[in-house]
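In: for reference, the sequence and a predicted model appear below.
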Amino acid sequence: MTMALVRSVVRLGSGFGTPATAVAFWFPRGFSAEAMPEQKVAILGVTGGIGQLLSRLMKLNPLVSSLALYDIAGTRGVAADVSHINTRSEVKGYEGDEQLVKLWKLLMW
């Protein structure tokens, strides 16, 4: 709907006291009382070029609450870089075979 249509509805005596009331009726905002669902995301192979870019993109996603980064070596540097992006998601880095099991358990629970 356009503003001209809203003005014509107000002029016709639709029961709206002011144009602002009519706009609030015709264009309600989509606020929600529920919190966003928490989403855990794991990215494997983060020290490569695609893994680094993908981890930065996922850090910017507002639906991601926990970001787990894994590779066989060098994950701490990438996790430190990504964690400096100012969003609500938490970033953790995992390296090696023994921490892969820890990562898997974290994602399952």
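Out: Received it, and whenever you're ready, just let me know what you need.

In: who's in contact with the longest strand along the chain?
Out: The residue-count maximum for a strand in the chain (DSSP state E) belongs to strand 64-71. Here strand 64-71 makes contact (Cβ atoms under 8 Å, 6 or more residues apart in numbering) with 36, 38-48, 51, 55, 58-59, 75, 78-79, 82, 88-95, 99-100, 103, 106-107. Quick note: C-beta positions are derived from backbone N, CA and C, even for glycine.

In: so where do the helices sit in the protein?
Out: Using DSSP state H, the helices of the chain run over 3-11, 19-26, 49-60, 75-83, 96-108.

In: list the buried residues for the third one?
Out: By 16 or more other Cβ atoms under 10 Å, the buried positions in helix 49-60 come out as 51-52, 54-55, 58-59.

In: the last one too?
Out: Residues of helix 96-108 classed as buried: 99-100, 103 (neighbour count, 16+ other Cβ under 10 Å).

In: over to stretch 69-86?
Out: The neighbour-count check on stretch 69-86 (16+ other Cβ under 10 Å) flags 69-71, 75, 78-79, 81-83 as buried.

In: helices and strands of the protein: which one bottoms out on pLDDT?
Out: Taking mean pLDDT, DSSP states H and E as the measure, the chain has helix 3-11 as its least confident helix or strand, at a mean of 51.

In: output the below-cut-off pLDDT ranges for the chain.
Out: 1-36, 109 (pLDDT under 70).

In: switch to 50 and redo it
Out: For the chain, applying pLDDT under 50 flags the ranges 1, 5-6, 9-10, 12-13.

In: got a list of what residue 47 touches?
Out: By Cβ under 8 Å, 6+ apart, the contact set of residue 47 is 71, 73-75, 78.

In: I'd like the distance between it and residue 86.
Out: Going from residue 47 to residue 86 by Cβ to Cβ, to the nearest Å gives 23 Å.

In: how about residue 44?
Out: Distance, residue 44 to residue 86, by Cβ to Cβ: 25 Å.

In: sweet, I'm off.
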